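# only the shape, not the letters, is given here:
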């Protein structure tokens, strides 16, 4: 079965607010083997909401609507779903009593418009909401000859999550053909998306029954695998078979098959080898250190370092020879190496990283263009320096630089 | 005119990823007086994408699609939009050349599947993408007798934003009936959202015709004002009247009324006073420097500094007396002050910042709880130290610390 989620509320169509309920709902639906195939966000206007309901009923087996169940004039979800299904609303008298009781228990007089929340779509089951006033509704019905499960939930996240967990998960499970799902997530570093896909496609194409999703961000590609099987074991075996073939293909670039971030993996390796690290950052100016120290406990292996934005700081904090800066320029292979070894000695660590480059948008020349970066990794005996020209804007270039630095550490330590 | 935004990508239908491009697009569209009436999120399956295109074309004047323009087999936006409109794709030879040239300039061999990105919907104008390989496309066309503007943009946020700003905003403006809209954005630092709203509401409630939206993030509250008028002048006068009253109310906390970030404002002030800055960061470990250097040209006032995660580094790089560390502890008022003045002297700058604290989740005690932070600002004559206990998780606590440090700089320099 598949699902569409409709988030209702004009505030969700502003630049300032975003629907987040769908992330929770998707997670829970996926656990049942239900795939979310569409998400729609629509405002409080009844003609738009009606249209969204009709479209969703025509294309998804399960329709979950969040929001628009409150007492105000803008709350029209009940009305629009009923109209889309061609049925009426009935006022549920038990619910009316419950609303009055709830108000009384809070020592409040119930505002008259509140009673609207007792309107129930004919054929729907009421899902009592112990966390708020608006109840949810559950319908197992048909639309144009197709079976449809329609669920109305309030938009307040903790009410929605509560109602879904209390009622909907089990009811959906009971309504579903039994299924077994297994998933796996592989992450690789510093391979372009199209190159990664070219190399991976020849493998995952052999497994048409496993859903493979490729996700890319700067310097990282993720493969998300999902398999179904007659038993849980069969599903897991099938996903593991594809995963291990992909692991073989990307044996060099793969850094995680358990969901860990590159920062975490580098941290594990440093701890495992009881190694310590210091960094000297010029153009990335703290971004690498900040990423490394996002990990709680990073103080066990990360000692600190220097932010060497100016040439004076490169000399003063990392001991880069003034002659080197004058002859090769601050953005050079030799200065990166001197930064790495300089900060390593200064901080008395096992490893030192030095980064220098041109993040842009200004400061580039034809010889040293924007995006050029030198990244050095020193261990006291040997200093490795990598030169790269990264694409993108200032933020992306700096991110790439720190990603490559982390990947160099991973390769060194693994 | 109204718009629908379609975000394309199966990863956006997982519990892990969310479309954020629509927030940027909505902001820019609203500036043109265009209302977003639907947002749809759809995966990479062609039958679903085609359906989403058809539904959107039938109900919105402007259709903006993000994602699915890359080189992989999953990238099917071009194909599906063409099919929905009933037109063909043509391979644009100029674009093919541009793709090869781009690969060559990055000293890479182009993967063959990349050439797909030169496929152009017949009748569309190509929007050249200087930030990535996939170009955007712009169509001013009709669907079932209605005028429709269809815009295809890549999903990578900085590419999408660049293409929209470079081409689409002006093209949409030219295509639009004239309207008079004025907007203003006020930003204040280190005031809680509810306090800010309490103080602001008594003012903006007097201006019911001006749309006022309040947006809060850690350590920052923004007021977004929007007014319409018979003329541009009238709209601007009305928005300026409310803005100036709010500016009076928040005269101490207001840092921007022109959209600038706190990092930018601090940069302006430093340049204006020809002052220079160095930082010594312990628990924030580079986050402050990273934020300051997000601003292009920050090398004119930011010299560098020290990442002093370990006590040894506090002594070695900032000259913090060992006795002070032993008596007061690394997280103390006196150590923050010593870091600020130490790094200032070391880097020979006008100002020095020192930060020390407990970012958590571990490492807190009843005397020094998680979230405790000392931030010092030294100018050589005087060192100001602020103690705060910030709420939230590790990431939020570190963010708050850098936000307060920037605000201390702003107050010092204004």
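That came through, no problem. These numbers were taken from a predicted model, which means no experiment stands behind them.
# now residue A:90, what's its secondary structure?
strand (DSSP: H, G, I helix; E, B strand; the rest coil).
# burial count for it?
14 (other Cβ atoms under 10 Å in any protein chain shown). In short, each C-beta sits where N, CA and C put it, glycine included.
# could you do residue A:231 as well?
Residue A:231 is flanked by 9 other residues according to other Cβ under 10 Å.
# so what sits opposite the nearest residue to it once chain neighbours are set aside in the bridge?
Leaving aside its chain neighbours, residue A:231 sits nearest to residue A:180 (5.7 Å; criterion: Cβ to Cβ, 6 or more residues apart in numbering or on different chains). According to DSSP bridges, the partner residues bridging residue A:180 are residue A:229.
# can you get me a residue count around the residue of chain A found nearest chain B?
With Cβ to the nearest Cβ, the shortest gap between chain A and chain B falls at residue A:286, namely 2.8 Å. Residue A:286 is flanked by 31 other residues according to other Cβ under 10 Å.
# host element of residue A:356?
Assigned by DSSP states H and E, residue A:356 belongs to strand A:351-357.
# name the element the residue of chain A most remote from its centre belongs to?
Residue farthest from the centre of chain A, counting by Cα atoms, centre = their mean, is residue A:323 at 46.8 Å. For residue A:323, the host element (DSSP H and E) is helix A:322-328.
# remind me what that helix packs against, helices and strands.
Here helix A:322-328 touches helix A:311-318, helix A:333-347, going by 3 or more Cβ pairs under 8 Å, 6 or more residues apart in numbering or on different chains; DSSP states H and E.
# so can I have TSV of those helices showing distance to chain B?
Putting these into TSV (distance: least, Cβ to the nearest Cβ, whole Å) gives the following:
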stretch	distance to chain B
helix A:311-318	4
helix A:333-347	6
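# out of these, deepest packed?
Neighbour counts (mean count of other Cβ atoms under 10 Å in any protein chain shown) averaged over each of those peak at helix A:333-347, with a mean of 25.
# that helix packs against which elements?
Helix A:333-347 packs on strand A:277-281, strand A:302-307, helix A:311-318, helix A:322-328, strand A:351-357, strand A:372-378, strand A:383-389, helix B:311-318, going by 3+ Cβ pairs under 8 Å, 6+ apart.
# among the ones you listed, which is nearest residue A:401?
Within these, the stretch nearest residue A:401 is strand A:372-378; the backing value is 4.8 Å (Cβ to Cβ).
# anything in that closest one near chain B?
No: Strand A:372-378 lies out of reach of chain B by Cβ under 8 Å from any Cβ of the partner chain, never closer than 11.3 Å.
# list the contacts of that strand.
By Cβ atoms under 8 Å, 6 or more residues apart in numbering or on different chains, the residues outside strand A:372-378 that reach it are A:283, A:331-333, A:335-337, A:339-341, A:344, A:351-358, A:364, A:383-390, A:397, A:400-401, A:404-405, A:408-409, A:412.
# remind me, longest helix of chain A?
helix A:394-413 (DSSP state H).
# just the angle between that helix and strand A:277-281, please?
Put simply, helix A:394-413 runs at 150 degrees to strand A:277-281, going by axes from the mean of the first three to the mean of the last three Cα atoms, to 10 degrees.
# so helix A:394-413 versus helix A:333-347, what angle?
Inter-element angle recorded for helix A:394-413 and helix A:333-347: 70 degrees (by the same axes, to 10 degrees).
# name the element the closest residue to residue A:402 other than its chain neighbours belongs to?
Using Cβ to Cβ, 6+ apart and skipping residues adjacent in sequence, the residue nearest residue A:402 is residue A:288, 4.3 Å away. Element membership for residue A:288 (DSSP H and E) is helix A:287-292.
# repeat that for residue A:244.
Using DSSP H and E, residue A:244 sits within helix A:232-249.
# packing partners of that helix?
strand A:180-189, helix A:193-204, strand A:220-229.
# strands along the stretch 51-200 of chain A, start to end?
Along the stretch 51-200 of chain A, the stretches classed as strands by DSSP state E, counting those that start in this stretch are A:62-66, A:89-91, A:119-121, A:125-127, A:136-143, A:146-153, A:180-189.
# winner for burial among these?
Of all the strands of the stretch 51-200 of chain A, strand A:62-66 has the most neighbours on average by mean count of other Cβ under 10 Å, namely a mean of 27.
# next, see if it gets close to chain B.
No: Strand A:62-66 does not reach chain B (Cβ under 8 Å from any Cβ); its nearest approach is 13.3 Å.
# and chain A, what are its domains?
Segmentation of chain A into domains, based on automatic domain parsing, reads A:2-175, A:189-256, A:262-413.
# pick the most buried one from those.
Mean neighbour counts for the domains of chain A (mean count of other Cβ under 10 Å) peak at domain A:262-413, with a mean of 22.
# mean confidence for that one?
Domain A:262-413 carries an average pLDDT of 96.
# one step back: name the helices or strands packed onto the longest helix of chain A?
Using 3+ Cβ pairs under 8 Å, 6+ apart: helix A:394-413 touches strand A:180-189, helix A:262-272, helix A:287-292, strand A:351-357, strand A:372-378, strand A:383-389.
# need the helices and strands packed on helix A:333-347 in a markdown table with distance to residue B:78, can you?
Shown next, in a markdown table, are the helices and strands packed on helix A:333-347 (distance: least, Cβ to Cβ, whole Å):
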| stretch | distance to residue B:78 |
| --- | --- |
| strand A:277-281 | 40 |
| strand A:302-307 | 44 |
| helix A:311-318 | 48 |
| helix A:322-328 | 46 |
| strand A:351-357 | 35 |
| strand A:372-378 | 33 |
| strand A:383-389 | 29 |
| helix B:311-318 | 53 |
